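Student: structure for the following, please:
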Amino acid sequence: MLEIHYSIGDSNEQVKTYEKASDFVAAQYKEVPDLQDNYRVIKALIDGKEVQLEESSIGGLFTYLNTK
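Tutor: Residues are numbered from 1 along each chain as shown. Got it, this is the predicted structure:
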């Protein structure tokens, strides 16, 4: 399971979950992606383990998952 904790601008933390990380990647390829690339990622967990991102954004998470 992929759990993304993110914020949009100065808004409160929001959480979006996906059954599999590949579901998130597929959703980002849509013409209108689930989440905008510039949203700030507070933390991302894959099967309960936090991933270390080079860039703390949805775009950075997308890149991280595409290179693994």
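
Student: shouldn't residue 40 be in contact with residue 59?
Tutor: No: with contact defined as Cβ atoms under 8 Å, residue 40 does not count as touching residue 59 (10.6 Å). (Glycine included, C-beta is placed from N, CA and C.)

Student: hmm, who's touching whichever strand or helix holds residue 62?
Tutor: Following DSSP states H and E, the helix or strand that holds residue 62 is helix 58-66. Contact with helix 58-66 is made by 4, 6, 21, 24-25, 28, 35-39, 41, 44, 51, 53-55, as judged by Cβ atoms under 8 Å, 6 or more residues apart in numbering.

Student: strands of this structure, residue ranges please.
Tutor: Counting by DSSP state E, the chain has strands at residues 2-7, 14-18, 40-46, 49-50.

Student: which secondary structure elements does the last one contact?
Tutor: Judged by 3 or more Cβ pairs under 8 Å, 6 or more residues apart in numbering; DSSP states H and E, strand 49-50 has no packing partners among the helices and strands.

Student: let me see the mean pLDDT of it.
Tutor: This predicted structure assigns strand 49-50 an average pLDDT of 97.

Student: give me the sheet partners of it and which way each runs.
Tutor: Under the criterion DSSP bridges, strand 49-50 sits next to strand 40-46 (antiparallel) in its sheet.

Student: and the strand it pairs with, how far out from the chain's middle?
Tutor: Between the mean C-alpha point of strand 40-46 and the mean C-alpha point of its chain there is a distance of 6 Å (Cα atoms, centre = their mean, to the nearest Å).

Student: same question, stretch 30-50
Tutor: The chain centre lies 1 Å from the centre of stretch 30-50; the measure is Cα atoms, centre = their mean.

Student: what comes up buried for that stretch?
Tutor: Residues 35, 39, 40, 41, 44, 46 are the ones in stretch 30-50 that count as buried (16 or more other Cβ atoms under 10 Å).
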